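Novice: predicted coordinates and the sequence they were generated for:
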Amino acid sequence: MKRRILILSMLSSLIYIGCSYAQASASLYFTTAIPINDYRELDNDAGYGGNLEFFFFSPTKQKPFGMGISFSYLGQGLYFYDDPYSDESYLSANRANNFTNIQLIFQLAPSGGTVRPYIETFFGGSYIFSNTEILTVEYIPVNFYYDDWAWTYGGGAGIKFLIGGDEDHGSIFLDFKGRYLMSSDVTLLDRQSIRFANDTFYYSEYETQLNFLAIQVGLVFYFR
């Protein structure tokens, strides 16, 4: 308990100090995530989504360290359900696997100006869920929900280009970045195993660690 209070106190102090002397910023990104390593062997569909980030204090030339928070969503592919009775395929309302993440971000940018390269690290948690809805032969929708969660962490690098405003009165940057994400053990649904028969869903699952290479492009808004 004392350790948690100490960590929270240190984070609060960093936020207070940073907000007193530096710009805050908000960012919006489009994300493409590619499975890699062992996870790719289980599910090689690319994922698509986006993130919203807010930096309590952003890196500057005078103070190159920044800290913020990120909220993101990623949907890894659609699944076509094969009807075992008619051999026809139907698009179910299934965007498994879905990932909702919240991350604390630490960013280091060694220079200011109109072009700003940077590196960053992050950690947080991910809620993973699959929501499958299939129409029966009688056109009655049936639903199957599966979920789990994991700790996530990783790092990345990127570069920002000034496209509007100026450094002293607020500005807009175009941002390109790459991130490598890892996780603790998590149990996921094997989408290829889903079957519905005799009013029952049949499925299998697997335990793995998530590994994604994420490519992101977005806009960063600096406030003054």
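Specialist: Thanks, I have it.

Novice: pLDDT wise, what is residue 122 at?
Specialist: If you check residue 122, the pLDDT there is 96.

Novice: partner residues bridging it?
Specialist: residue 105, residue 154 (DSSP bridges).

Novice: same check on the one 4 residues further on?
Specialist: Applying DSSP bridges to residue 126 yields these beta-bridge partners: residue 101, residue 150.

Novice: tally of neighbours for it?
Specialist: 21 (other C-beta atoms under 10 Å). For glycine as for every other residue, the C-beta is placed from the backbone atoms N, C-alpha and C.

Novice: return the residues in contact with it.
Specialist: Residues near residue 126 by C-beta atoms under 8 Å, 6 or more residues apart in numbering: 99, 100, 101, 149, 150, 151, 152, 183, 186, 210.

Novice: highest neighbour count among those residues?
Specialist: Per-residue neighbour counts (other C-beta under 10 Å) across the contacts of residue 126 peak at residue 210, which has 25 neighbours.

Novice: you'd agree that residue is up against residue 185?
Specialist: No - using C-beta atoms under 8 Å, residue 210 is not in contact with residue 185, being 9.5 Å away.

Novice: give me the common contacts of these two.
Specialist: Overlap of the contact sets of residue 210 and residue 185 (by C-beta under 8 Å, 6+ apart) consists of residue 150.

Novice: list the contacts for the spatially most central residue of the chain?
Specialist: In the chain, the residue lying closest to the centroid (C-alpha atoms, centre = their mean) is residue 72, at 4.2 Å. By C-beta under 8 Å, 6+ apart, the contact list for residue 72 reads 31, 49, 50, 51, 52, 99, 100, 101, 102, 103.

Novice: drop anything exposed from the residues you listed.
Specialist: 31, 49, 51, 99, 100, 101, 103 (16 or more other C-beta atoms under 10 Å).

Novice: spatially, which two of these are the most separated?
Specialist: Taking C-beta to C-beta, the two most distant members of those are 49 and 103; they sit 13.5 Å apart.

Novice: any idea where the strands of the chain begin and end?
Specialist: Secondary structure of the chain, counting by DSSP state E: strands at 25-35, 47-57, 65-75, 80-82, 89-91, 98-108, 115-135, 141-165, 171-197, 200-222.

Novice: and the pLDDT at the residue nearest to residue 108 when sequence neighbours are not counted?
Specialist: Distances taken as C-beta to C-beta, 6 or more residues apart in numbering place residue 119 nearest to residue 108, at 5.3 Å, with adjacent residues excluded. pLDDT recorded at residue 119 is 95.

Novice: is it true that residue 119 touches residue 157?
Specialist: Yes - assessed by C-beta under 8 Å, residue 119 is found in contact with residue 157 at 4.8 Å.

Novice: returning to that earlier point: adding distance to residue 132 and pLDDT, write the contacts of residue 72 out as a markdown table.
Specialist: A markdown table is the format used below for the contacts of residue 72 (distance: C-beta to C-beta, whole Å; pLDDT from 0 to 100):
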| residue | distance to residue 132 | pLDDT |
| --- | --- | --- |
| 31 | 23 | 95 |
| 49 | 19 | 92 |
| 50 | 23 | 94 |
| 51 | 25 | 94 |
| 52 | 27 | 95 |
| 99 | 16 | 92 |
| 100 | 17 | 93 |
| 101 | 21 | 95 |
| 102 | 25 | 95 |
| 103 | 27 | 95 |
